[in-house]
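Trainee: predicted model follows, preceded by the sequence.
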Amino acid sequence: DSGVTQTPKHLITATGQRVTLRCSPRSGDLSVYWYQQSLDQGLQFLIQYYNGEERAKGNILERFSAQQFPDLHSELNLSSLELGDSALYFCASSPSGGAVGELFFGEGSRLTVL
Amino acid sequence: EDQVTQSPEALRLQEGESSSLNCSYTVSGLRGLFWYRQDPGKGPEFLFTLYSAGEEKEKERLKATLTKKESFLHITAPKPEDSATYLCAPGSNSGYALNFGKGTSLLVTP
């Protein structure tokens, strides 16, 4: 158990809909990262938050957004969903904010868009 | 542009048959080379960090090594429970997040 909690574990929705994925980082970790994993693209970095502030952006679509709240949990919002958004979405946390370091991953949220 | 390539994409070994996985990388200033293990439907689990060429780290049947352009994950006398996807990610001066390779899917059969 990494200590990172993600909900929901599974989500099935239709094209055009909006969903919210939730992540609680390990106790004491200030950084939260979101990754998307699909069969053809592998594990792709989406976005990082550190202590409530956006720190780095990766290949995140404009239809996607995220935020980190004062209690350090984070949410990833996916809107106008398309079939290609079906993937595993992972949250990871880290105690460090500036330097690249070891990441602790949650179990993921599996999104299926029909 | 930072790049990472893992080979082979898939590897099938018999129990006890040793082999190596490769991770080739190009980054602007390496800040650690990270290896992770991922079981099907689970999140990646941290294995090793290597920081400088020549460094080696071991954990049970796994040994990771690092050169200036590559890292190898050597698996000695593997067991079926070593079956998983192994991911590498070079940390870079140009970013805060880890960019992962596509991984090597390892299957060890009895």
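Mentor: It's in.
Trainee: just grab the bridge partners of the residue positioned nearest the centre of chain A for me.
Mentor: The centroid of chain A falls nearest to A:Trp34 when counting by CA atoms, centre = their mean (3.1 Å). A:Trp34 has the following beta-bridge partners by DSSP bridges: A:Ile47, A:Cys91.
Trainee: contacting residues for the residue found closest to B:Gly54 once you drop the neighbours it is linked to in the chain?
Mentor: Sequence neighbours aside, B:Leu66 is the residue nearest to B:Gly54 in space, at 7.1 Å (criterion: CB to CB, 6 or more residues apart in numbering or on different chains). Bear in mind the C-beta positions are built from the backbone N, C-alpha and C, glycine included. By CB atoms under 8 Å, 6 or more residues apart in numbering or on different chains, B:Leu66 lies in contact with B:Leu33, B:Leu50, B:Tyr51, B:Ser52, B:Ala53, B:Gly54, B:Glu55, B:Glu56.
Trainee: and B:Leu66, its phi and psi?
Mentor: phi -140, psi 130 (degrees, to the nearest 10).
Trainee: B:Asp82 now?
Mentor: Note on B:Asp82: backbone dihedrals following degrees, to the nearest 10 are phi -80, psi -10.
Trainee: which residues touch it?
Mentor: B:Arg61, B:Leu62, B:Ile75, B:Leu106, B:Val108.
Trainee: residues touching the residue nearest to the first one when sequence neighbours are not counted, list them.
Mentor: Once flanking residues are discounted, B:Arg61 sits nearest to B:Thr76: 5.1 Å by CB to CB, 6+ apart. For B:Thr76, the contacting residues are B:Ser18, B:Arg61, B:Leu62, B:Lys63, taking CB under 8 Å, 6+ apart as the criterion.
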